[in-house]
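A.B. asks: Have a look at this prediction, sequence included:
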Amino acid sequence: MNGRTILVWFRNDLRVHDNEILLEAVKRAENIVPVYCFDPRYFTETPYDTQKTGAFRARFLLESVNGLRKSLQKLGGDLMIKIGAPEKILPEICQQYSISEVYHHREVAAEETEISANVEAALWKLQINLKHFIGHTLYHKEDLPFPIKDIPDAFITFKKKIERDSDVRPGFATPSEVKVPKDMEQGELPSLSDLGLPAAPADERAQYSFSGGEEEGLRRLTAFLNAYKSFPVKGNKNVNTVTSMLSPWLSMGCLSPREVYWQVKGFDREHMSHDLAAAIVLELQWRDYFRFMLKKHGSNTTSHMHQLSDSEKGAFNLWKQGKTGNAIVDACITELNSTGYINSKCRQYVAMYLVKEAGVSWKAGAAYFEEKLIDYSPASNWGNWTYIAGEGVMSVNRPIAMKADPFVEEQYIQKWIQKLNELQ
Ligand SMILES: Cc1cc2nc3c(=O)[nH]c(=O)nc-3n(C[C@H](O)[C@H](O)[C@H](O)COP(=O)(O)OP(=O)(O)OC[C@H]3O[C@@H](n4cnc5c(N)ncnc54)[C@H](O)[C@@H]3O)c2cc1C
């Protein structure tokens, strides 16, 4: 063998399936050093007095990193876990293990790209190359029928063109073996309190209990597909309300969008239908679209701080506590605060209320979602918020699914706030 050691820097790609950086490193090096860094900058406060990462997402992240470690251990390897800034830590590891190259997946949002630029500069001083791969989207950037700068701003045009002229690539194989240096330091998984966060207990009212990690994500995908075996989707108008609840695993990269795509396509082939795949693929295309739009237009619209006025601060505080007096908004926020998750319709309700009724900048709402949502991802969060606010280059004609069934809504309100109010 060539005696090379490659460092694989995991970020939001916490899986061994369909992971090009891992497979390529295993092919090209004798040993690899897989590393995950808990970067303290992600555990600080934002200018909107919110946390960058709240306890629910942090718990999901800890489970996902632990899951990755287990997946690598099953292949004979391991994961090195560190706490600190990657631009400081990665060069140290490179020197310690005589690393020849570092592989990572390119990110798109400002903070993430700034960190990788810093890592690249620090490695450059050691004459070590940071090799960039593309691996977060369903459609590979290079397969798009247009350069990023010419991507249509209207989603429908984007969708039509990619469906006509691009294909989704097959996923990458999982390596059969992962070899790490014999003396590789493991590092301990931190606890929530090490990250300065309180416990994140499960709420018995939650519609689903999310646990992080690749195995859990794949299990959820299988369970979702199995549920549709006994619920024929062909011609069923309820297919419009299909919701896989896969977003937390997709956001942290425990699941690859291609894996979801090929499994859903396979399901539809087997069950002679195309409806389930159409419903899920549409949403995965929205996910891609928001990411490509962020790449095209940069973070300018999203990154400028908005100074909240006193009245905005007051309204924002009531909204965050679920005390606006609007029952459905308060119920949704209570669910969000208690579980770290609300469905798409609830997100639309609370976002519309904050921006249109309470007159608060969408940026404060987006910052709160960043703290609370276990599936937070910058492009999807900011893309959806700017759409709702009707602001910025990413405002698009997405039909909002706001129609509610009054009975279902009443039950939901009962579940999340009525009982609480009665108790109080
Ligand atoms: C204000 C606001 C903020 C949001 N912030 C986020 C966020 O930070 N992270 C996030 O993943 N989603 C975000 N969404 C989008 C959406 O609400 C969630 O992706 C969705 O609720 C996930 O449910 P699901 O997994 O059942 O989706 P499904 O309907 O089963 O769709 C499959 C996958 O497609 C993606 N997807 C679905 N809807 C959207 C959408 N509107 N935009 C982008 N991707 C989508 C998700 O990865 C999802 O898991 C936000 C929506 C709103 C209105």
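C.D. replies: Right, received. Where do you want to start? Residues are numbered from 1 along each chain as shown.
A.B. asks: where does the protein dip in pLDDT?
C.D. replies: 1, 230-241, 272-274, 299-303, 392-404, 419-424 (pLDDT under 70).
A.B. asks: residues in it within reach of the ligand, list them.
C.D. replies: 243-247, 250-251, 280, 283-284, 286-287, 290, 343-344, 347-348, 351, 369, 373, 375-377, 380-381, 384-385, 388 (C-beta under 6 Å from any ligand atom). The C-beta positions use only the backbone N, C-alpha and C, and glycine is treated the same way.
A.B. asks: Packing partners of whichever strand or helix holds Glu371?
C.D. replies: Glu371 belongs to helix 362-372 when assigned by DSSP states H and E. Using 3 or more C-beta pairs under 8 Å, 6 or more residues apart in numbering; DSSP states H and E, the elements in contact with helix 362-372 are helix 55-74, helix 310-321, helix 344-352, helix 378-389.
A.B. asks: Now do the last one: distance to the chain's middle.
C.D. replies: Yep, that's helix 378-389 we're talking about. Distance of helix 378-389 from its chain centroid, counting by C-alpha atoms, centre = their mean, to the nearest Å, is 13 Å.
A.B. asks: so how far is the following helix or strand past it off the chain centroid?
C.D. replies: Under the assignment DSSP H and E, the closest C-terminal helix or strand after helix 378-389 is helix 406-413. Relative to its chain's centre, helix 406-413 lies at 29 Å (C-alpha atoms, centre = their mean).
A.B. asks: quick revisit: give me the angle between the helix holding Glu371 and helix 55-74.
C.D. replies: 50 degrees (axes from the mean of the first three to the mean of the last three C-alpha atoms, to 10 degrees).
A.B. asks: Leaving out the residues flanking it, which one is nearest to the residue of the stretch 1-150 of the chain found nearest the ligand?
C.D. replies: Minimum separation of the stretch 1-150 of the chain from the ligand (C-beta to the nearest ligand atom) falls at Leu138, amounting to 9.1 Å. In space, and not counting its chain neighbours, Leu138 is closest to Pro257: 4.2 Å by C-beta to C-beta, 6 or more residues apart in numbering.
A.B. asks: in the protein, which strand has the most residues?
C.D. replies: Looking across the chain with DSSP state E, the single longest strand is strand 31-38.
A.B. asks: Counting neighbours, what do you get for Pro147?
C.D. replies: A total of 10 residues lie near Pro147 under the criterion other C-beta atoms under 10 Å.
A.B. asks: How about Lys149?
C.D. replies: 8.
A.B. asks: Contact partners for it?
C.D. replies: Lys296 (C-beta atoms under 8 Å, 6 or more residues apart in numbering).
A.B. asks: just Lys131 next, same as before
C.D. replies: Lys131 sits in contact with 101-104, where contact means C-beta under 8 Å, 6+ apart.
A.B. asks: which of those tops the neighbour count?
C.D. replies: Of these, with other C-beta under 10 Å as the count, Val102 tops at 26 neighbours.
A.B. asks: Spell out for me which residue occupies the centre of the protein.
C.D. replies: Nearest to the mean C-alpha position of the chain, by C-alpha atoms, centre = their mean, lies Ser251 at 1.7 Å.
A.B. asks: now for the helix or strand hosting Arg220, which elements pack on it?
C.D. replies: Element membership for Arg220 (DSSP H and E) is helix 214-229. Applying 3+ C-beta pairs under 8 Å, 6+ apart, one finds that helix 214-229 contacts helix 55-74, helix 247-252, helix 257-270.
A.B. asks: how about the second one as PDB, C-alpha atoms only?
C.D. replies: Written as PDB, here are the backbone C-alpha positions of helix 247-252 (Å, rounded to 0.1, in the frame of the first residue of the first chain):
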ATOM      1  CA  SER A 247     -35.900  16.100   7.800                       C
ATOM      2  CA  PRO A 248     -33.800  15.800  11.000                       C
ATOM      3  CA  TRP A 249     -31.700  13.000   9.500                       C
ATOM      4  CA  LEU A 250     -31.400  14.700   6.100                       C
ATOM      5  CA  SER A 251     -30.300  17.900   7.700                       C
ATOM      6  CA  MET A 252     -27.500  16.300   9.700                       C
END
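A.B. asks: Does anything pack onto that helix? Which helices or strands?
C.D. replies: Going by 3+ C-beta pairs under 8 Å, 6+ apart, helix 247-252 lies up against helix 55-74, helix 214-229.
A.B. asks: now, of the ones you listed, which is deepest in the fold?
C.D. replies: helix 55-74 (a mean of 22; mean count of other C-beta atoms under 10 Å).
A.B. asks: gap between that one and the chain center?
C.D. replies: With C-alpha atoms, centre = their mean, you get 14 Å for helix 55-74.
A.B. asks: Kindly report the same for stretch 324-337.
C.D. replies: Per C-alpha atoms, centre = their mean, the centroid offset for stretch 324-337 relative to its chain is 23 Å.
A.B. asks: Give me the residues contacting it.
C.D. replies: 205-206, 315, 318-323, 341-342, 346-347, 349-350, 353, 357-358, 372-373, 404, 409, 412-413, 415-417, 420.
A.B. asks: Just the buried ones out of these, please.
C.D. replies: 315, 318-320, 322, 341-342, 346-347, 349-350, 353, 358, 372-373, 412-413, 416-417 (16 or more other C-beta atoms under 10 Å).
A.B. asks: residues of stretch 137-151 that come out buried?
C.D. replies: 137-139, 141, 144, 151.
A.B. asks: Domain map for this protein?
C.D. replies: 5-135, 214-297, 303-423 (automatic domain parsing).
A.B. asks: right, and those domains - which one's nearest Val180?
C.D. replies: Smallest distance to Val180 across the domains of the chain (C-beta to C-beta): 4.7 Å, for domain 5-135.
A.B. asks: May I have the distance across the closest one, first residue to last?
C.D. replies: 22 Å (C-alpha to C-alpha, to the nearest Å).
A.B. asks: for stretch 38-50, same thing?
C.D. replies: Taking C-alpha to C-alpha, the first and last residues of stretch 38-50 lie 19 Å apart.
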